[in-house]
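J.: Sequence and computational prediction follow.
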Amino acid sequence: MQLFLDTASVTEIKTMWEIGILDGVTTNPTLVSKEGKTFDALLREITALGIPSVSAEVVATDTEGMLREGRRLREVHSSIYVKIPMTSAGLKATKILASEGTRVNMTLVFSPNQALLAAKVGATYVSPFIGRLDDQGQDGMELVREIVTIYRNYKVPTKVLVASVRHPMHVVDAAKIGADIATMPFAVMEKLVQHPLTDLGLARFLKDWEKVPKG
Ligand code: E4P
């Protein structure tokens, strides 16, 4: 499963990219608003790192506006995936952008039927928001299970990008189900690395090493 960071922070992206565990980045207007830089400047900084997949979201809500923004965003860098919201206007824009060869990440997906439609119009990624469903008292991971099953039934090429991840168990469950990608905040990715027994074990090895005669 590919691991993406859900952030617009260049510092966070750089940290994980340099460790070598990062496959891509997803941004959204909320994340971009925290950085105090223009959208284009941010995208140029992120793509300059060499990240192979960078999702950038349109803010227009009508098809024409989405097409205009999508076509502009894809010109920023070859690694840009245009993020389009799951609405009728968004489906229409996705179909046109996909036919032009633009890779679309269909976002704000909360039902299996929405995922079916995203695939139908040629989205490259579909982004079910599991944490927001959990927040509503609905099992977000069940949605991922349903989408993966449906896509497998029909050999759909659209990749399932598990979004709105809140903790490491979301990542484990997404991988067990066979989702293609999980995108997560920096703090969650950091937790994938850590285990208290790793720290304890390392401390003990280093302590015992002090007893080994040197020379
Ligand atoms: C995904 O592409 C979204 O940016 C993101 O995962 C939303 O997560 P949130 O529910 O934590 O805002």
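T.: Structure's in. What do you need?
J.: show me what contacts the residue nearest the centre of the chain?
T.: The chain has T183 as the residue nearest its centroid, 3.4 Å off, counting by Cα atoms, centre = their mean. If a contact means Cβ atoms under 8 Å, 6 or more residues apart in numbering, then T183 has L3, F4, L5, D6, G24, V25, T26, S127, L161, V162, A163, V165 as its contacts. All C-beta spots, glycine's among them, are computed from the backbone N, C-alpha and C.
J.: can you tell me which of those residues are in strands?
T.: The strands in this structure, assigned by DSSP state E, contain L3, F4, L5, D6, G24, V25, T26, S127, L161, V162 from the contacts of T183.
J.: sorry, back to before: filter the contacts of T183 by proximity to the ligand?
T.: Contacts with the ligand within the contacts of T183, counted by Cβ under 6 Å from any ligand atom: D6, T26, S127, A163.
J.: Are any of those residues buried, and if so which?
T.: D6, T26, S127, A163 (16 or more other Cβ atoms under 10 Å).
J.: Redo those as a markdown table? Include pLDDT.
T.: Formatted as a markdown table, those follow (pLDDT from 0 to 100):
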| residue | pLDDT |
| --- | --- |
| D6 | 98 |
| T26 | 98 |
| S127 | 98 |
| A163 | 98 |
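J.: so which pair among those is furthest apart in space?
T.: Farthest-apart pair in these is D6 and S127; separation 9.9 Å (Cβ to Cβ).
J.: overlap in contacts of these two?
T.: Shared contacts of D6 and S127, defined by Cβ under 8 Å, 6+ apart, comprise T26, A163, T183.
J.: residue contacts, the spatially closest residue to the second one that is not a sequence neighbour?
T.: Okay, so that is A163. Spatial nearest neighbour of A163, excluding adjacent residues (Cβ to Cβ, 6 or more residues apart in numbering): S127 at 4.2 Å. By Cβ under 8 Å, 6+ apart, S127 lies in contact with T26, K83, N105, M106, T107, L108, V109, L161, V162, A163, T183.
J.: For N28, see how far away S127 is.
T.: 10 Å (Cβ to Cβ, to the nearest Å).
J.: got it, and A182?
T.: Going from A182 to N28 by Cβ to Cβ gives 16 Å.
J.: So between these two, which is more surrounded?
T.: Taking other Cβ atoms under 10 Å, A182 and N28 do not tie; A182 has more neighbours (27 against 20).
J.: Just say helix, strand or coil for that one.
T.: Following DSSP: H, G, I helix; E, B strand; the rest coil, A182 is assigned to strand.
J.: Number of residues surrounding I21?
T.: Residues lying near I21 (other Cβ under 10 Å) number 12.
J.: Backbone dihedrals for it, please?
T.: The phi/psi pair for I21 (degrees, to the nearest 10) reads phi -110, psi 10.
J.: Identify the residues contacting it.
T.: L3, M189, L192, V193.
J.: Most neighbours among these, please name it.
T.: Counting by other Cβ under 10 Å, top hit in those: M189 with 25 neighbours.
J.: State the helix or strand in which that one lies.
T.: Assigned by DSSP states H and E, M189 falls within helix 186-193.
J.: How far does that helix sit from its chain's centre?
T.: Here helix 186-193 is found 14 Å from its chain centre; the criterion is Cα atoms, centre = their mean, to the nearest Å.
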